[in-house]
Structure formats: C-alpha cells, structure tokens
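**Q** turn this into a model:
(one chain, ligands or ions: 1)
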Amino acid sequence: MWITVGQVHRNVFALASSRSCFVLGDHLPFRMLSLPRAVRFHQTASHGTEIVEDKSSALTLASLEVQNKVENGKKERVKRTGGPKPSSRASALNVKPKFSSFNAKPVKSALPKSAVVRKTLKIDESLFSAKSFEELGLPPLLIDRLNKEGLTTPTEVQSAAIPIISQKHDAVIQSYTGSGKTLAYLLPILSEIGPLKRPTEQDSTNKRSDVDAVIVAPSRELGMQIVREVEKILGPNDKRLVQQLVGGANRSRQEEALKKNKPFIVVGTPGRISEISAAGKLHTHGCRFLVLDEVDQLLSFNYREDMHRILEHVGKKSGTSSRDILGPLARRSERQTILVSATIPFSVIRAARSWGHDPVLVRAMSVVPLDSITVPRPVLSQSGANSNSPSNSVNQAAVDSLPPSLEHYYCTSKAQHKVDTLRRCIHALEAQTVIAFMNNTKPLKDVVFKLEARGMKATELHGDLGKLTRSTVLKKFKDGEFRVLVTNELSARGLDVPECDLVINLDLPTDSTHYAHRAGRTGRLGRKGTVVTICEETETFVVRKMRKQLAVPIKPCEFTEGKLLVHKEEDVE
Ligand SMILES: Nc1ncnc2c1ncn2[C@@H]1O[C@H](COP(=O)(O)OP(=O)(O)OP(=O)(O)O)[C@@H](O)[C@H]1O
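**A** Next up is the predicted model:
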C-alpha cells in the first residue's frame with residue numbers, strides 16, 4: 001500500500017493555543033541535536049521526497065491523513081482512527097457524522113505560504129489492516145491476557161503504533177479522544193518488559209534493580225486510570241508489578257511498595273515521581289521506556305522543573321554525565337521516548353525531535369517521520385503573541401482530537417437559570433451519564449445542591465478533594481450511582497467513562513483545545529455522544545469562534561417541553 005502524505009510541511013501542526021506549550025518547545029533541558037537519522041519503518045518501508053508548490057490555502061494536520069478531505073469550502077469529516085475494526089462494537093454503531101447543513105469554511109493557516117515537501121511513504125499494508133492482536137506480533141502470554149479481558153481487535157491507532165514502537169522508534173502518538181491510545185503504547189511496552197513479555201536469552205542472567213518503564217500523566221485520576229489498565233492486562237497475580245506514584249497519596253507507602261514489590265513499571269504524576277526519584281528511592285537510570293501521556297499538558301510551564309528532572313534521569317545510563325560530550329545523546333539513546341496526546345502542538349514536535357532517535361508521528365492510518373515536518377519557530381511579540389505566529393494560528397490540533405461521532409449544540413441562558421437549562425437538557429436528551437464542566441471550583445457545590453434539590457443525583461469532583469474522596473466519587477459515578485458529575489478542568493483530559501453520553505459546558509472553555517478535551521469525555525471508542533454548551537447571549541460569539549476553529553457544526557438549540565429544538569443554522573463567517 002502506498003500512502004501519499006502531501007503538504008506535510010510548515011502548517012502540519014497548528015499550535016494548540018494554550019498558554020502552555022510553545023514556552024517549552026525550545027526550552028526545557030533539550031536542544032535540537034543534529035543527528036544523522038536513517039528513518040526506518042517496517043522492513044518494507046521506503047520514502048521519496050519531492051518539492052511541490054503550495055497551492056492550497058488549507059494545509060492542516062488533517063491533510064496528513066489519507067482519508068480526510070476538504071471540499072468546496074466544506075470540511076467533510078470522515079470516520080477516522082476509530083474503535084475496533086468492523087467486527088467490533090464501534091463500527092457496529094455505524095456512526096455517521098451529519099454535516100450536510102453546516103456551512104463551515106475550511107481551516108486557514110495564519111502562516112506564510114511557502115514550498116512544501118511531499119513525502120511518499122511505502123508502508124507495509126499489514127500495518128493498518130490487523131484484525132487481531134496476533135497479527136501485530138504480540139507475545140502469546142500477552143495475547144492470552146488480552147483475550148481474557150475480552151480485547152481481541154486492535155483499534156486503528158493501536159495497529160499503527162504497536163509495530164512502530166516494537167521497532168524501537170521514539171514516537172509521538174496522536175489520535176482523537178477515546179480511540180485507545182493507552183493500549184497503543186502499553187502493549188508494545190508489555191511485549192518487551194514484565195511477566196508477559198517475549199522471552200529472550202538474557203532473561204535468566206538479568207538482575208533488575210531499576211524500573212523498566214516510567215509513565216507520566218498530569219493528573220492523579222489519569223495516573224490511576226493507567227495503573228488500572230496495566231493491572232487489568234497483567235492480571236491478579238502480577239498486578240503488584242505496577243506501582244502508582246501519584247500525588248496526594250501516602251508517599252512512604254509508595255516508597256515501601258517500590259522496595260518490596262520491585263515493580264517493573266511505575267505510573268505517576270510529575271511532582272511525585274521526581275520527588276521520590278530525588279530522594280533516591282526510585283531507580284530509573286536503566287529504564288527503557290518513558291511515556292508522557294497528555295504530553296502537551298506535561299510540557300507546560302507548571303510542570304517544568306519536575307519534567308526536567310524526569311527527562312534528565314529516566315534512562316540515564318550509569319557512568320554518563322551531562323558533561324560527557326555525547327552525554328545527552330547517550331542518555332537519550334538508552335530509553336525509548338513515547339509522547340501521547342489527542343492534541344499535538346508544534347512544541348511537542350520540536351521536543352520529540354530533539355530528544356528522540358528516528359522519531360515518528362503515529363496516527364491512525366499514517367506514520368510520518370518527524371524529520372519531514374517543518375515546524376515554525378515560536379515567535380513572541382511584546383504582547384505575547386504575533387498574528388503570524390503558530391500560537392495564533394487556527395487550532396488544527398484540536399480539530400484532529402474530536403471524535404467524529406459527536407453532535408455539538410449550544411443554547412443560551414441567563415447565568416441564574418443555567419442549572420435549570422442543564423436539567424431540561426438532560427431530560428430532553430434522556431442522557432444517563434453526564435459530565436458538566438465549569439471553570440472554577442467554588443460554584444460546583446452550588447450546582448450539585450440545586451440538581452439534588454430537584455431530584456437529580458449529582459456529585460462534584462475537583463482538585464481540592466482528597467485523593468481517596470476523588471477516587472470514591474469517580475468510582476460511584478462510573479458505577480451509575482450519580483447521573484451528573486459536576487467538575488472542572490481536572491476531568492477534561494484522559495478521563496475514561498465509556499458510558500458518558502453527554503458533556504455539558506456550563507462555563508465556556510478557555511479555547512478550542514480545552515473544548516476538544518472536554519468534549520472527548522463522551523463519544524468514546526466510536527460511541528455516540530452529545531456536547532452542549534450553555535452560554536449567555538453575550539457569549540455566543542465565542543462559541544461561533546470555536547465552531548469556526550474546530551470546523552464542526554455547533555448548532556444553536558433550545559430545550560422546550562422535554563424536547564431538543566435545533567434552530568436553523570445562521571450564516572457562519
Ligand atoms: N482494542 C480495544 N478493544 C476494545 N476496547 C478498547 C480497545 N482499546 C482501548 N479500549 C477501551 O477504549 C476506551 C478508550 O481508550 P483510551 O482511554 O486509551 O483512549 P484515549 O485515546 O487515550 O483517550 P483520551 O485522548 O481521552 O485520553 C477505554 O475504555 C479502553 O479500555
């Protein structure tokens with residue numbers, strides 16, 4: 001199969017608009033290394049390059065994907081990465097995005113036009129047509145465990161990522177929310193380390209004192225969710241071999257568990273991992289895998305110091321120091337670095353290139369060497385932004401993160417009536433598992449109180465609650481004890497509640513990236529999902545702006561007499 005990847009160049013990635021990312025693209029401890037890189041794909045892979053004129057005004061990350069189309073001013077979103085293949089539940093749902101009445105214009109780049117590189121990659125067809133995990137070459141013990149958990153068919157992003165990671169490439173994995181990115185990196189890692197791995201000759205001689213894999217996540221909830229995913233695969237007898245190192249939990253107990261259980265894999269938040277590592281209780285120098293899940297958030301300013309330590313120490317071979325001429329390179333070559341998010345901004349591409357060897361961008365149905373992507377340097381004006389800078393360009397990263405199976409609406413309401421509107425919306429849509437987002441912590445309680453007063457089971461979740469309370473709340477919500485989870489940005493990323501059928505924005509998200517991550521809590525793995533933004537009349541222009549940036553139809557609506565009434569589309573500039 002030949003995949004032509006056109007227009008890969010300068011505007012492959014519109015920078016996620018968040019304050020976070022470009023700050024670190026060229027900072028942190030990592031500088032661009034000019035390494036000779038021979039990019040290898042499958043055994044059969046090869047690629048050629050030709051310079052072509054840029055004739056398109058809408059060059060986007062989406063243009064990397066063979067299936068995406070931009071036609072006649074309408075962006076038709078086709079079914080992308082998706083859940084498991086035809087046999088599976090996801091495709092059984094037969095979700096078809098309905099865009100016909102929507103008048104969105106194609107996403108335009110704010111960047112100057114220039115020549116682009118057209119790359120043609122020849123990729124082993126089997127990469128994308130795996131119908132089972134066996135075909136991806138996973139070891140038998142691991143496949144047994146997957147079967148026991150009812151996991152038989154890889155999602156598309158898993159089919160693409162597993163062989164690439166198994167070939168020891170550093171990788172950036174980008175695919176929309178709920179498409180199975182966690183197993184896309186866990187499975188190739190568990191094929192190489194731990195009790196389910198492929199047997200090797202060194203097995204009997206290896207005395208392990210360091211952990212083999214470190215997985216970093218920005219929130220305790222996400223960290224714990226990944227731990228549960230690893231535990232599920234390892235099975236009851238071996239689940240002690242994964243250790244959570246999340247903040248808010250008892251640190252000495254975590255340190256004791258490290259000593260006693262000698263886990264081969266740790267999952268945690270940046271602060272706690274670097275704290276325990278600095279105390280000499282976590283040995284990661286011999287570590288083979290470093291995963292940064294929700295990497296664009298982890299590279300934000302907030303985590304700078306902790307991430308610096310983690311990136312410096314994980315996989316640092318003993319005997320090398322940062323003063324060695326090849327120090328940084330030697331260290332990097334010891335570990336495989338895997339960066340994961342639904343939203344991959346320029347800064348992540350820059351970072352991945354500077355840390356990785358042969359790094360590639362893996363998306364469902366496409367694998368692209370990072371070397372082939374030209375990323376503009378961050379430009380900062382006095383005001384912190386420049387109209388030509390990537391930070392000001394349309395947020396294509398957010399566009400690519402939205403599952404195609406979502407329906408988007410907005411309705412207006414006075415601030416004091418929002419909770420009533422929320423209730424009417426839930427009834428009209430007959431939603432059973434609802435996540436309602438607000439921007440601050442304080443008003444959450446009030447909303448819960450009002451909902452409960454009207455007989456709707458609701459609970460709040462935010463960072464001021466203790467770790468135990470947070471996990472109890474989440475468990476009860478997942479178990480269906482509460483119909484509505486009222487929460488803030490804490491829950492916007494990574495949280496996997498497959499049953500969630502409705503996401504509500506009670507406050508407007510700060511930008512399209514935040515909209516996309518919130519929205520991604522529903523419509524997981526090909527399921528249907530609805531996103532409703534409840535805003536004040538004066539805020540509707542913000543919704544229209546996001547609609548334009550995201551190129552999705554966010555339709556105006558109202559909820560009356562227990563029904564959803566969709567208004568006629570107004571013209572969208
Ligand atoms: N091959 C598979 N077959 C069936 N279910 C799967 C498969 N892979 C993943 N899942 C399930 O799909 C759900 C979504 O997976 P996951 O949380 O990894 O998505 P994600 O892409 O990381 O989402 P986000 O970007 O929101 O973090 C999870 O419940 C997971 O257990």
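**Q** rest of the way, CA atoms for contacts and neighbours
**A** Noted.
**Q** now do the buried residues in the longest helix seen in the chain.
**A** As assigned by DSSP state H, the longest helix anywhere in the chain is helix 220-234. Within helix 220-234, the residues that count as buried by 16 or more other Cα atoms under 10 Å are 220-227, 230-234.
**Q** which SSE is immediately downstream of the helix or strand hosting Gln297?
**A** Secondary-structure assignment from DSSP states H and E places Gln297 in helix 295-298. Counting by DSSP H and E, the next helix or strand C-terminal to helix 295-298 is helix 304-313.
**Q** check which helices and strands that following helix sits against.
**A** Judged by 3 or more Cα pairs under 8 Å, 6 or more residues apart in numbering; DSSP states H and E, the packing partners of helix 304-313 are helix 270-278.
**Q** my guess is Val214 contacts Ile265, does it?
**A** Yes. Using Cα atoms under 8 Å, Val214 is in contact with Ile265, at 6.0 Å.
**Q** which neighbours do those two share?
**A** Common neighbours of Val214 and Ile265 (criterion: Cα atoms under 8 Å, 6 or more residues apart in numbering): none identified.
**Q** now do the same contact list for Glu256.
**A** Listed by Cα under 8 Å, 6+ apart, the contact set of Glu256 is empty.
**Q** next, give phi and psi for it.
**A** phi -60, psi -40 (degrees, to the nearest 10).
**Q** and it, how far from the ligand?
**A** For Glu256, the distance to the ligand equals 29 Å [Cα to the nearest ligand atom, to the nearest Å].
**Q** what's the burial count for Thr200?
**A** 8 (other Cα atoms under 10 Å).
**Q** enumerate the residues of the chain near the ligand.
**A** Within the chain, the positions adjacent to the ligand are 84, 151, 153-155, 176-183, 342, 493-494, 496, 498, 520, 524-525 by Cα under 6 Å from any ligand atom.
**Q** one more pass at 8 Å, please.
**A** By Cα under 8 Å from any ligand atom, the residues of the chain that approach the ligand are 83-84, 88, 150-155, 158, 175-184, 229, 293-294, 341-342, 401, 493-498, 517, 520-521, 524-525.
**Q** quick one: Ala257 and Pro195, what's the gap?
**A** In this view, Ala257 and Pro195 are 18 Å apart by Cα to Cα, to the nearest Å.
**Q** in the stretch 251-400 of the chain, which residue sits closest to the ligand?
**A** Nearest to the ligand, among the residues of the stretch 251-400 of the chain, is Ala342, at 4.9 Å (Cα to the nearest ligand atom).
**Q** where does the stretch 1-150 of the chain dip in pLDDT?
**A** Along the stretch 1-150 of the chain, segments meeting pLDDT under 70 span 1-129.
**Q** one step back: helices and strands around the helix holding Gln297, which ones?
**A** Under the contact definition 3+ Cα pairs under 8 Å, 6+ apart, helix 295-298 sits against strand 336-341, helix 346-355.
**Q** try it again at 6 Å.
**A** strand 336-341 (3 or more Cα pairs under 6 Å, 6 or more residues apart in numbering; DSSP states H and E).
**Q** any regions of this structure where pLDDT drops low?
**A** Across the chain, the ranges flagged by pLDDT under 70 are 1-129, 201-209, 317-333, 375-396, 569-573.
**Q** pretty sure Leu406 sits against Val531.
**A** No. Using Cα atoms under 6 Å as the test, Leu406 is too far from Val531 to be in contact (7.1 Å).
**Q** so what's the residue nearest to Ser219 when sequence neighbours are not counted up against?
**A** In this structure, Ser219 finds its nearest non-sequential neighbour in Thr269, 6.2 Å apart by Cα to Cα, 6 or more residues apart in numbering. For Thr269, the contact set (Cα atoms under 6 Å, 6 or more residues apart in numbering) comprises Val216, Ala217, Pro218, Val246.
**Q** show only the entries of the residues you listed found in helices.
**A** Among those, the subset assigned to helices under DSSP H is empty.
**Q** could the residues you listed go into a markdown table alongside neighbour count and distance to Ile165?
**A** Formatted as a markdown table, the contacts of Thr269 follow (neighbours: other Cα atoms under 10 Å; distance: Cα to Cα, whole Å):
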| residue | neighbour count | distance to Ile165 |
| --- | --- | --- |
| Val216 | 29 | 17 |
| Ala217 | 26 | 19 |
| Pro218 | 24 | 22 |
| Val246 | 27 | 26 |
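**Q** pull out the buried residues from stretch 409-424.
**A** Applying 16+ other Cα under 10 Å to stretch 409-424 flags Tyr409, Tyr410, Cys411, Thr412, Ser413, Lys418, Val419, Thr421, Leu422, Arg423, Arg424 as buried.
**Q** tell me the spacing between Gly523 and Pro188.
**A** 26 Å.
**Q** no no, Pro404
**A** 27 Å.
**Q** now for Asn261: which residues touch it?
**A** Contacts of Asn261 by Cα under 6 Å, 6+ apart: none found.
**Q** can you confirm Cys287 is in a helix?
**A** No. Secondary structure assignment places Cys287 outside any helix; it is coil (DSSP: H, G, I helix; E, B strand; the rest coil).
**Q** and it, how many neighbours?
**A** Number of residues near Cys287 (other Cα under 10 Å) recorded here: 23.
**Q** what's near enough to touch it?
**A** Contacts of Cys287 (Cα under 6 Å, 6+ apart): Val211, Asp212, Ala213, Val314, Gly315.
**Q** and for the second one, the neighbour number?
**A** Other residues within reach of Asp212, judged by other Cα under 10 Å, total 25.
**Q** tell me if I'm right that it and Arg288 touch.
**A** Yes. The criterion here is Cα under 6 Å, and Asp212 meets it with Arg288 at 5.2 Å.
**Q** helices of the stretch 101-250 of the chain, residue ranges please.
**A** All helices of the stretch 101-250 of the chain, identified by DSSP state H, counting those that start in this stretch, fall at 140-148, 156-166, 181-192, 220-234.
**Q** quick one, which of those is nearest to Tyr303?
**A** Nearest to Tyr303 among those is helix 220-234; the distance by Cα to Cα comes to 14.0 Å.
**Q** which residues does Val484 form a beta bridge with?
**A** Taking DSSP bridges as the rule, Val484 bridges to Val434, Ala458.
**Q** that one: neighbour count?
**A** Using other Cα under 10 Å, Val484 has 28 neighbouring residues.
**Q** so what's it up against?
**A** For Val484, the contact set (Cα under 6 Å, 6+ apart) comprises Val434, Ile435, Ala458.
**Q** one more: Thr343?
**A** Thr343 makes contacts with Ala397, Ala398, Ser401, as judged by Cα under 6 Å, 6+ apart.
**Q** so the closest residue to it other than its chain neighbours, which of the three states?
**A** Nearest residue to Thr343 in three dimensions, chain neighbours excluded: Ala397, at 4.8 Å (Cα to Cα, 6+ apart). Following three-state DSSP, we place Ala397 in the helix state.
**Q** among the buried residues of stretch 409-424, which are located in helices?
**A** When DSSP H is applied, the buried residues of stretch 409-424 are split such that Lys418, Val419, Thr421, Leu422, Arg423, Arg424 fall in helices.
**Q** nearest to the ligand among these?
**A** Among these, Leu422 lies closest to the ligand (Cα to the nearest ligand atom), at 23.3 Å.
**Q** Lys568 versus that closest one, what's the distance?
**A** 21 Å.
**Q** picking up where we left off before, would you turn the ones in helices among the buried residues of stretch 409-424 into a markdown table with distance to Gln336?
**A** Listed next are these as a markdown table, based on distance: Cα to Cα, whole Å:
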| residue | distance to Gln336 |
| --- | --- |
| Lys418 | 48 |
| Val419 | 47 |
| Thr421 | 49 |
| Leu422 | 46 |
| Arg423 | 48 |
| Arg424 | 50 |
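**Q** and the two most separated of those residues?
**A** Of all pairs in those, the most separated under Cα to Cα is Lys418 and Arg424 at 9.8 Å.
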